[in-house]
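got a predicted structure here, sequence first:
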Amino acid sequence: MDQTKLKHHTDLKDVREHLIVAYTSVRGDLLHLPNYRVEAFTERLHRHGEDPGWEAVIAYTLDGQPIGYAYANTVEPGNRWWTRMDAPVPAEYTESASLAIKEIGVVPTWRGQGLAQAMHDDLLQHRQEDFVSLLVNPAAGDGKVQRLYEGWGYTRIGSQQPSPESPPLACLGRPVDQTGRR
């Protein structure tokens, strides 16, 4: 972590290429699958970047290479994030605006150093929403990725399949501030 720096961004056009470069490296072994193609990611990124409250945290090496990212946006009650769920989620998530983390990724050679959690925590640090959720493929890393998020305080609140090309995903959620200071 001493060899990296985190930067916040709220305008996609400023960091679009950095996110695509990092994504290509993060998901390199999956790019042959329809939902993981760079074109599919670019389309999602464009759509998410126009959503309210979009914010990204990008990890850079000291020489400026993007090596990880986390980005999210605000989702209001009734948003398709919620309407695609296979069952109703706990009401506190949909009573007011909440935060949806859309992507977290770390370049393989930088994994295992706490970078994903550092970006995640930095992203949540100044958010005004009370609750945050994210989607995870329960099969990713033989369940390791979901267990990682559970270690950050997330619990399963539902599931969905966002597109026909996507695998079924678990929706995990938690309070943004887990210290009770809000």
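Right, received. Where do you want to start?

C-alpha from now on. contacts and neighbour counts both.
Noted.

just give the closest residue to residue 10, not the sequence neighbours.
Closest residue to residue 10 apart from its sequence neighbours, by Cα to Cα, 6 or more residues apart in numbering: residue 55 at 4.6 Å.

same thing with residue 120?
Nearest to residue 120 is residue 70, by Cα to Cα, 6+ apart, at 6.3 Å.

which strand residues bridge the one you found?
Taking DSSP bridges as the rule, residue 70 bridges to residue 57, residue 104.

for residue 58, see how far away it is.
Relative to residue 58, residue 70 is positioned 7 Å away (Cα to Cα, to the nearest Å).

then residue 135?
19 Å.

and those two? Which one has more around it.
Higher neighbour count among residue 135 and residue 58: residue 58, with 28 against 23, using other Cα atoms under 10 Å.

got the phi/psi numbers for residue 80?
When read as degrees, to the nearest 10, the backbone of residue 80 gives phi -60, psi -20.

and it, how many neighbours?
Neighbours of residue 80 (other Cα under 10 Å): 11.

show me what contacts it?
Listed by Cα atoms under 8 Å, 6 or more residues apart in numbering, the contact set of residue 80 is empty.

who are the contact partners of the residue nearest to residue 10?
Neighbour list for residue 55: 8, 9, 10, 11, 71, 72, 73, 123 [criterion: Cα under 8 Å, 6+ apart].
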